[in-house]
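1. Only the shape, not the letters, is given here:
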């Protein structure tokens with residue numbers, strides 16, 4: 001069932017439960033997590049899972065979109081309080097997300113995903129846009145070096161997240177070290 005179709009309240013709840021269960025199992029087991037286990041973990045049957053998500057790819061895409069929505073929501077949560085801390089916390093959270101969910105992006109771009117990239121799913125640009133807002137706030141406050149861009153930091157986050165797959169604690173530590181370099185002395 002496509003996400004654009006209006007669902008009854010119980011259908012929306014089931015869809016949300018499936019996405020939450022899938023996100024948890026993907027973090028634990030990777031993008032190849034068992035669909036049966038996802039349905040069981042959500043407290044639903046596999047037929048319900050397949051009604052909402054006729055393919056693994058559609059479920060993975062929904063999990064990916066939900067994760068990006070949460071990250072973007074965090075970016076807007078407390079604007080302007082402390083621009084340096086706001087930027088650093090968001091970068092750390094996003095890098096940890098990338099590390100914990102790296103297999104998700106690969107699965108979406110793989111053969112079952114019809115070669116779709118994160119850009120095709122239209123969320124990478126949203127992440128970079130949110131990040132650039134944070135960078136601009138920090139630059140206006142004078143707490144980042146001149147010339148730092150959202151794209152630069154996204155590249156850094158992807159590199160660290162990829163290098164530390166399934167190890168978000170190391171990802172967080174490495175990104176904190178890297179962030180020291182973007183702030184003026």
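-> The structure has been received and is ready for your questions. Note that the structure is a prediction, hence the values are computed from the model and not measured.

2. name the element the nearest residue to residue 89 once chain neighbours are set aside belongs to?
-> Sequence neighbours aside, residue 74 is the residue nearest to residue 89 in space, at 8.0 Å (criterion: CB to CB, 6 or more residues apart in numbering). Heads up, the C-betas are built off the backbone N, CA and C, glycines and all. Per DSSP states H and E, residue 74 falls inside helix 56-75.

3. Report the buried residues of that helix.
-> Neighbour counts over helix 56-75 (16 or more other CB atoms under 10 Å) mark 56-65, 67-68, 71-72, 74-75 as buried.

4. residue contacts, residue 157?
-> Residues near residue 157 by CB atoms under 8 Å, 6 or more residues apart in numbering: 91, 94, 95, 98, 175.

5. Same question for residue 176.
-> Residues in contact with residue 176, defined by CB under 8 Å, 6+ apart, are 88, 92.

6. quick one: it and residue 125, what's the gap?
-> 26 Å (CB to CB, to the nearest Å).

7. related to what we said a few turns ago, return the member of the contacts of residue 157 nearest to residue 24.
-> Among the contacts of residue 157, residue 98 lies closest to residue 24 (CB to CB), at 16.8 Å.

8. Work out for me the element that closest one sits within.
-> For residue 98, the enclosing helix or strand under DSSP H and E is helix 83-100.

9. so what does that helix touch, helix or strand wise?
-> If you count contacts as 3 or more CB pairs under 8 Å, 6 or more residues apart in numbering; DSSP states H and E, helix 83-100 packs onto helix 56-75, helix 124-140, helix 150-163, helix 168-180.

10. Compile these into CSV and extend it with columns for mean pLDDT and distance to residue 36.
-> What follows is the helices and strands packed on helix 83-100, written out as CSV (pLDDT from 0 to 100; distance: least, CB to CB, whole Å):
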stretch, mean pLDDT, distance to residue 36
helix 56-75, 88, 12
helix 124-140, 89, 31
helix 150-163, 91, 28
helix 168-180, 94, 26
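
11. And those helices: which comes nearest residue 15?
-> Of all the helices and strands packed on helix 83-100, helix 56-75 sits nearest to residue 15, with 7.9 Å by CB to CB.

12. roughly how far out does that closest one sit from the chain middle?
-> Relative to the centre of its chain, helix 56-75 is centred 6 Å away, using CA atoms, centre = their mean, to the nearest Å.

13. residues in contact with residue 33?
-> Going by CB under 8 Å, 6+ apart, residue 33 touches 22, 25, 26.

14. From those residues, list the buried ones, please.
-> Buried by 16+ other CB under 10 Å: 22, 25, 26, out of the contacts of residue 33.
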